[in-house]
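Novice: what shape does this take:
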Amino acid sequence: MALNLKESVSDVQQLDIAIIGAGISGLYSGWRLLADIHEKSSEQAKPTIAVFEMGNRIGGRLFSVRNYPGIPNLVGELGGMRYMEHQEIANSLINKFKLKSEDFPVADDKNLIYLRGQRFHESDYGKPNFSTKYNLDERFQGIHPDKLFTKIVDEVLERNGEKPGVKDRKYWDEIKDKLIYHKGPDKGCKLMDMGFWNLLMDQVGHEGYNFLSDAGAYHSNTINWNAAEAMPYMIGDFTGDVKFKTITGGFDLIAECLAEAFIEAGGSIYIKSQLLNFKKNDNKEIPYKYQLEIRNTSNNEEQNIYCNKIILAMPRRSLELLNPDNVLFENGENTTFLHYVRSVIGEPSFKLLMAFEPGEYKKPWWYNTLGIEKGRSVTDLPMRQCYYFGTDPETKASLMLASYNDMRTVDFWKPLEPLDAGKQYLKSFKTNLLDFERYKPDETQFASIQELIAAQEKYPEGYKRIVEHSLSQLQELHGLNSIPKPFATMFANWDDDPFGGGYHAWKARYNVGEVMKYMRKPKINEEIHICGEAYSDQQGWIEGAFCVAEKMLQEEFGMAHPEWLNKDYYLGR
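Specialist: Numbers count the residues shown, from 1 in each chain. From the prediction side, this is the model:
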């Protein structure tokens, strides 16, 4: 869909509400305040609202690659790519905007697991006499990591007199701050004051921890984050019969639909518009509470904009990049605010897509050689995970997420990126994609697959090495001597500014419910609000961003619960 995104703020001077950040929480907030609330009342005066986005696109950490030459009918996901069936705001919005959804397969019996040089299938876990190369206690050997995570959580719950197997978020919020650990060096400690790594190691030992970290596919799940938050997250989001869905045509369509509805209702979205600072307005001739300093990242021109309310739809790192001489930071003197801002860990995340020529029988190489059709494979190699996205029905070319890794393995790929990769977001996010030859020179036709393959010789040396390293690890994971060379390779490193990570995790020794409420309105006498996935209880999911934004809108803006959402749906603390 074509969106009317503006690149100059010269036509806006004064606003009722300024929203900073065109990610999911910012777009949702704008849509609810301007469009959704007025669907039933045309008489009420609409507030003037604008969204300001530093980058050159909307969607934040949603980034779907579509209409790529050679694979025009496939969509690759470089950012968020799925949601869960029980996440009601995501489901409700998809239905409201008449988007189509489809299953997002993760585990399939033919998917591979390759750990410590041992190659086996997902379906081998739990079979008689099956064991891994990890020196595990006999009780844990050979079982699926999901079952081991569940076993650990259930034991802690039972020791606290709670029933095992609970996944209800509201129930967890009622008990998590009271849970006490029962043995080892942390005996008597509240779980909210413990690190999850500490808990796992005490439960299953160092080798058991290494197994869970490697076989669980995400290093981020087993870092030393808040154990009270980690337990419901693990059994609710990553174990058991969780069913994942995605949006047909690209996951970022949800962002585009929100933006389109917001603009149609009279809102404006300004891209390449970076918030530098926000202060109390001391110009008595302009009757607005705050003064914003906005910089056009194309020409570096700065302009003041005045408003009465501010919504900072920004993660931790984006907040930290602001000029500290603002209403909230107070030049570093607001120690309470700084303490709460630092309550979350930014978790580095790196994704790499690869597109391949049609293979034998017009099937992907992974199907022809191993019979793999869908899902993902997992390894302890730096690539960590790969997802099989399928075959283009027209060209028969295929697409895969060749690497999805996080935390310490992101450092493996970092030296291969261009030295200025972290700065490129301000110019064009697409400079982080290896599609320099997307079009023929006259830019009127798509390049052919053969031309795209030839164009790889023009890639900078670091890009070439990313391709070679990835191919080498894909070969080792799949037990093959060779695999075809891709005709397109695209990557995104979400550790770069202004994101500071692909997702976030709560630190130990913070009262998460207290922090969440505080961040939605950090100063009682100011109309400044913060929302987004980072300070939610569903970190890493668009649902977390939606719930925090909706909670903020109801509590601080007096908005009624939306009619399209189940009135009993739990929004969190």
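
Novice: I'd say Met519 and Phe337 touch.
Specialist: No: using Cβ atoms under 8 Å as the test, Met519 is too far from Phe337 to be in contact (9.0 Å). Using the backbone N, CA and C atoms, a C-beta is placed for each residue, glycine as well.

Novice: between these two, who's got more neighbours?
Specialist: Met519 (24 against 20; other Cβ atoms under 10 Å).

Novice: gap between the more buried one and Phe244?
Specialist: 28 Å (Cβ to Cβ, to the nearest Å).

Novice: same question for Ile254.
Specialist: Applying Cβ to Cβ to Ile254 and Phe244 gives a distance of 15 Å.

Novice: who has more neighbours, these two?
Specialist: Ile254 (24 against 15).

Novice: residues contacting the more buried one?
Specialist: Ile24, Leu62, Ala90, Leu93, Ile94, Phe97, Leu99, Ile247, Ile542 (Cβ atoms under 8 Å, 6 or more residues apart in numbering).

Novice: and of those residues, the nearest to Leu565?
Specialist: Nearest to Leu565, judged by Cβ to Cβ, of those is Leu93 at 9.0 Å.

Novice: can you name every helix or strand that the helix or strand where Lys464 lies contacts?
Specialist: Lys464 belongs to helix 461-478 when assigned by DSSP states H and E. On a contact count with 3 or more Cβ pairs under 8 Å, 6 or more residues apart in numbering; DSSP states H and E, helix 461-478 meets strand 112-115, strand 349-356, helix 365-370, strand 376-379, strand 398-406, helix 410-413, strand 433-434, strand 488-493.

Novice: okay, it in CSV with CA atoms only?
Specialist: Extracted in CSV, the C-alpha atoms of helix 461-478 (Å, rounded to 0.1, in the frame of the first residue of the first chain):
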residue,chain,number,x,y,z
GLU,A,461,34.8,-7.9,0.9
GLY,A,462,33.0,-8.0,4.3
TYR,A,463,29.7,-8.8,2.6
LYS,A,464,31.4,-11.6,0.6
ARG,A,465,32.7,-13.1,3.7
ILE,A,466,29.3,-13.0,5.4
VAL,A,467,28.0,-15.1,2.5
GLU,A,468,30.9,-17.5,2.7
HIS,A,469,30.7,-18.0,6.4
SER,A,470,27.0,-18.6,6.2
LEU,A,471,27.3,-21.1,3.4
SER,A,472,30.1,-23.0,5.3
GLN,A,473,27.9,-23.2,8.5
LEU,A,474,24.8,-24.2,6.5
GLN,A,475,26.8,-27.0,4.9
GLU,A,476,28.1,-28.3,8.3
LEU,A,477,24.6,-28.1,9.9
HIS,A,478,23.0,-30.1,7.1
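
Novice: who touches it?
Specialist: Counting by Cβ under 8 Å, 6+ apart, 112, 114, 119, 352, 354, 366, 369-370, 377, 379, 381-383, 386, 402-403, 412-413, 415-418, 434, 456, 459, 480-483, 485-486, 489, 491 sit against helix 461-478.

Novice: residue ranges of the helices in the stretch 201-350 of the chain, please?
Specialist: 227-237, 253-264, 316-320, 335-341 (DSSP state H, counting those that start in this stretch).

Novice: starting at the chain centroid, how far to the last one?
Specialist: Mean C-alpha position of helix 335-341 versus that of the full chain (Cα atoms, centre = their mean, to the nearest Å) differs by 24 Å.

Novice: now do it, average pLDDT.
Specialist: Helix 335-341 carries an average pLDDT of 96.

Novice: what comes up buried for that helix?
Specialist: Residues of helix 335-341 classed as buried under the neighbour-count rule (16 or more other Cβ atoms under 10 Å) are Phe337, Leu338, Tyr340, Val341.

Novice: same deal with the third one?
Specialist: Within helix 316-320, the residues scored as buried using 16+ other Cβ under 10 Å are Arg316, Arg317, Ser318, Leu319, Glu320.

Novice: quick one: mean pLDDT for the strand of greatest length in the chain?
Specialist: Criterion DSSP state E: the longest strand present in the chain is strand 302-312. Strand 302-312 shows a mean pLDDT of 96 in the predicted model.

Novice: cool, and stretch 160-179?
Specialist: On average, stretch 160-179 scores 91.

Novice: buried stuff in that stretch?
Specialist: Buried-residue list, stretch 160-179, by 16+ other Cβ under 10 Å: Val166, Arg169, Trp172, Asp173, Ile175, Lys176, Asp177, Leu179.

Novice: repeat that for stretch 10-30.
Specialist: Quick answer for stretch 10-30 (16+ other Cβ under 10 Å): 12, 15-30.

Novice: same check, this time on stretch 479-494
Specialist: For stretch 479-494, by 16+ other Cβ under 10 Å, it's Ile483, Pro486, Phe487, Ala488, Thr489, Met490, Phe491, Ala492, Asn493, Trp494.

Novice: just give me the closest of those residues to Gly502.
Specialist: Looking across the buried residues of stretch 479-494 and measuring by Cβ to Cβ, the closest to Gly502 is Trp494, at 3.8 Å.

Novice: residues touching that closest one, list them.
Specialist: Arg61, Gly79, Pro348, Ser349, Phe350, Lys351, Gly501, Gly502.

Novice: domains in the protein, as residue ranges please.
Specialist: Residue ranges for the domains of the chain, per automatic domain parsing: 9-59+252-346+503-556, 64-106+349-493, 131-238.

Novice: any idea which of the ones you listed is most buried?
Specialist: domain 9-59+252-346+503-556 (a mean of 20; mean count of other Cβ atoms under 10 Å).

Novice: can you give the distance of that one from its chain's centre?
Specialist: Distance, centroid of domain 9-59+252-346+503-556 to centroid of chain: 18 Å (Cα atoms, centre = their mean).
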